[in-house]
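Enquirer: need the 3D shape of this:
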Amino acid sequence: MDTFTTRSRDIVRLRYLFARAGFGATPAELDEASGKSLRKIVRRLFTDSESVVELHVVSPDENESKQELKGMMRDGQLDKDMLKERIRLNTEKVRDLNLQWLDQMASGKGALREKMALFWHGHFACRTMGRNPLLMQQYANTLRQHALGRFGNLLMAVSKEPAMLQFLNNQQNRKNAPNENFAREVMELFTLGRGNYSEHDIKEAARAFTGWQFTPEGQFIFRERIHDDGEKTIFGKTGPFKGEDVIAMLLENKQTARFITAKIYNYFVADGPVSKPDDKKRVDELAEQFYKSGYDITDLMETIFMADWFYDAKNQGAHIKSPVELLAGLRHTLGVRFDQPQPQIFVQRTLGQLLFYPPNVAGWPGGKNWIDSSSLLFRMQLPNYVLKAADVMVQPKEDGDVNTQALARKGGAKFRTTVDWADFEAAFSKTPDEELTKTIAATLLPFPLRPDQLPLLEKQTNPAQTRSERIRALTAALMSLPEYQLT
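Expert: Numbers count the residues shown, from 1 in each chain. As a prediction, this is how the structure comes out:
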């Protein structure tokens with residue numbers, strides 16, 4: 001086997017790991033990792049994600065208060081112009097939060113933490129109600145803070161987030177008038193999965209969660225006076241349970257470990273329902289380990305990334321990048337910076353994944369749902385739009401949501417970008433001309449180029465081009481292949 005083929009296979013394997021555990025890698029990062037043991041590379045992913053820098057676009061004292069709302073009153077009614085301006089400002093803050101998080105994903109710093117947080121954003125799906133930027137900022141930072149810790153701590157913290165309590169209507173959950181929405185979703189979507197609880201369990205758990213409220217300043221508070229302190233029977237146990245007791249019961253149930261493990265396996269490994277015998281066996285073994293470890297997320301993820309089966313050929317290239325993965329990965333690989341923020345919101349909305357605006361309580365369905373006739377062409381053309389700073393006249397999808405529509409400029413978007421070509425090109429300075437196309441492809445694509453693709457790609461260049469121009473032309477062409485949409 002020649003040196004190129006051996007190194008190419010090594011790079012493809014590393015590219016797969018960095019794409020699944022983060023948002024891809026630059027050629028320099030792949031080169032630096034090449035030759036190191038897998039254990040060292042995986043451990044580096046975790047050590048690089050040990051610390052977290054909080055997202056910050058709004059301070060608690062800037063949050064909308066009852067006093068401010070009173071100031072908008074005119075003759076006993078809200079001043080519509082003042083309210084409209086407040087909504088506009090709040091919407092812009094949520095947009096800024098979106099972009100700040102996207103910047104963090106694209107930076108490559110703590111990539112594994114940000115990737116896990118993105119997964120948890122889909123699992124603990126929550127969207128801004130009333131466009132309150134402070135609540136969404138706290139929610140996002142809670143996901144990021146606990147992303148690699150213990151699932152029990154994450155579950156408790158997210159369940160007490162004002163954004164989640166508001167989204168799932170627990171602010172309306174009071175004794176003598178219980179609201180079951182929060183209790184139902186905690187069981188169905190966050191822990192056990194559908195069919196692993198009874199309607200009686202939900203009704204009784206809803207009583208336990210009464211009193212879980214939040215203040216106008218965005219702080220969780222337990223209000224004793226509206227809590228139902230009577231005895232409840234949940235999962236066969238009887239007592240004067242509170243919300244924390246319900247969370248503890250859910251964590252005691254091994255079905256929670258299996259439900260979470262299967263979802264993580266689907267997201268990071270198989271990209272589809274866990275139905276094949278080998279996949280089921282692995283999930284069962286991982287779930288048992290996850291449960292015994294006290295729901296240690298880092299321990300679970302390290303086991304997955306170190307497993308031989310994680311790198312099976314059937315898994316590589318089987319995952320369709322989500323819109324956020326696609327955009328963050330493209331930015332990271334080429335050091336892309338947008339002169340104006342709006343196009344990144346435009347891309348997310350056009351492709352169907354706008355951070356902080358999941359479609360419903362179940363989050364984004366993912367997989368093949370990312371691809372449809374209206375978005376596929378735009379996906380394929382996105383690298384050219386970004387790399388060539390083009391004007392785009394594609395219209396975002398109409399989802400009937402005035403919140404997301406307020407973020408999308410009508411009439412398309414103007415892509416004005418700066419690309420760090422110098423660093424990208426430097427990685428190929430010693431690559432022979434005849435191997436340039438295949439070498440760049442190995443850093444960008446999950447599969448080796450097919451024989452019929454090579455001559456078509458070579459036609460994207462001409463003898464009059466400088467080496468730099470040739471690298472740029474090949475990169476744009478490779479990123480426009482269907483394979484670039486996969487990891």
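Enquirer: so which helix or strand takes in the residue nearest the centre of the chain?
Expert: The centre of the chain sits closest to L118, judged by C-alpha atoms, centre = their mean, with a distance of 2.2 Å. Using DSSP states H and E, L118 sits in helix 111-123.
Enquirer: got the buried residues for that helix?
Expert: For helix 111-123, the neighbour count (16 or more other C-beta atoms under 10 Å) marks 111-123 as buried. All C-beta atoms are positioned from the backbone trio N, CA, C, and that covers glycine.
Enquirer: and of these, the nearest to A476?
Expert: Nearest to A476 out of the buried residues of helix 111-123 is A111 (C-beta to C-beta; 23.9 Å).
Enquirer: for that closest one, give its distance to A33.
Expert: In this view, A111 and A33 are 13 Å apart by C-beta to C-beta, to the nearest Å.
Enquirer: what does stretch 43-61 contact?
Expert: 21-22, 33, 93, 96-97, 100-101, 104, 109-114, 133-134, 137, 140-141, 144-145, 148, 217-218, 298, 301-302, 305 (C-beta atoms under 8 Å, 6 or more residues apart in numbering).
Enquirer: please pick the buried ones from those.
Expert: For the contacts of stretch 43-61, a burial check counting by 16+ other C-beta under 10 Å picks out 21-22, 33, 93, 96-97, 100-101, 104, 110-114, 133-134, 137, 140-141, 144-145, 148, 218, 298, 301-302, 305.
Enquirer: how about the strands in the stretch 301-450 of the chain?
Expert: Using DSSP state E, counting those that start in this stretch, the strands of the stretch 301-450 of the chain run over 337-338, 391-392, 413-414, 417-418.
Enquirer: which of the ones you listed is buried the deepest?
Expert: Mean neighbour count, computed with mean count of other C-beta atoms under 10 Å, is highest for strand 413-414 among the strands of the stretch 301-450 of the chain, reaching a mean of 20.
Enquirer: so what strands line up beside that strand?
Expert: If you go by DSSP bridges, strand 413-414 pairs up with strand 391-392 (antiparallel).
Enquirer: can you list contacts of the partner strand?
Expert: Strand 391-392 has contacts (C-beta under 8 Å, 6+ apart) with 343, 346, 378, 385, 412-415.
Enquirer: quick one: the longest helix anywhere in the chain to chain centroid distance?
Expert: Assignment by DSSP state H gives helix 80-107 as the longest helix of the chain. Relative to its parent chain, helix 80-107 has a centroid offset of 18 Å by C-alpha atoms, centre = their mean, to the nearest Å.
Enquirer: for the residue nearest to the centre of the chain, what are its contacts?
Expert: 105, 322, 324-325.
Enquirer: if you set the cut-off to 7 Å instead, what comes out?
Expert: The contact partners of L118, taken as C-beta atoms under 7 Å, 6 or more residues apart in numbering, are V324.
Enquirer: from T439, how far off is it?
Expert: Distance from L118 to T439, by C-beta to C-beta: 30 Å.
Enquirer: also Q100?
Expert: Here the criterion is C-beta to C-beta. By it, Q100 lies 34 Å from T439.
Enquirer: quick one: contacts of stretch 377-387?
Expert: 326, 330, 336, 347, 350-351, 390, 392, 394, 415, 417, 419, 476, 479-480, 485.
Enquirer: now stretch 191-208
Expert: With C-beta under 7 Å, 6+ apart as the test, stretch 191-208 has contacts from 173, 178-180, 183-184, 187-188, 228, 232-235, 241-243, 245-246, 250, 253, 255-256, 259.
Enquirer: mind pulling up the pLDDT for P396?
Expert: Per-residue pLDDT puts P396 at 70.
Enquirer: give me the distance between the two termini of stretch 142-156.
Expert: Taking C-alpha to C-alpha, to the nearest Å, stretch 142-156 runs 10 Å from one end to the other.
Enquirer: residues of it that come out buried?
Expert: Neighbour-count burial for stretch 142-156, counted by 16+ other C-beta under 10 Å, picks out 142-148, 150-152, 154-156.
Enquirer: how far away is T418 from T233?
Expert: As judged by C-beta to C-beta, T418 and T233 stand 62 Å apart.
Enquirer: hang on, the earlier thing: can you tell me which of the buried residues of helix 111-123 is nearest Y265?
Expert: Each of the buried residues of helix 111-123 was scored against Y265 by C-beta to C-beta, and F119 proved nearest at 11.4 Å.
Enquirer: residues contacting the closest one?
Expert: For F119, the contact set (C-beta under 7 Å, 6+ apart) comprises Y267.
Enquirer: equivalent analysis for I41, please.
Expert: 17, 33.
Enquirer: quick one: the strand or helix carrying it to helix 111-123, angle?
Expert: Using DSSP H and E, I41 maps to helix 38-47. If you take axes from the mean of the first three to the mean of the last three C-alpha atoms, to 10 degrees, helix 38-47 sits at 60 degrees to helix 111-123.
Enquirer: so which two of the contacts of strand 391-392 are the farthest from each other?
Expert: F378 and K414 (15.2 Å).
Enquirer: tell me how many other residues crowd D423.
Expert: 13 (other C-beta atoms under 10 Å).
Enquirer: that one reaches T333, doesn't it?
Expert: No. Applying C-beta atoms under 7 Å, one finds D423 not in contact with T333, separated by 10.3 Å.
Enquirer: shared neighbours of those two, which are they?
Expert: With C-beta under 7 Å, 6+ apart as the test, D423 and T333 both reach T26.
Enquirer: who's in contact with stretch 351-359?
Expert: Stretch 351-359 is contacted from outside by 94, 97-98, 101-102, 122, 125, 127-128, 136, 322-324, 348, 364, 370, 375, 378-379, 397, 403-404, using C-beta under 7 Å, 6+ apart.
Enquirer: ends of that stretch, how far apart?
Expert: Distance across stretch 351-359, first residue to last, is 13 Å (C-alpha to C-alpha).
Enquirer: and if you look at stretch 161-178?
Expert: Length of stretch 161-178, first residue to last, C-alpha to C-alpha: 19 Å.
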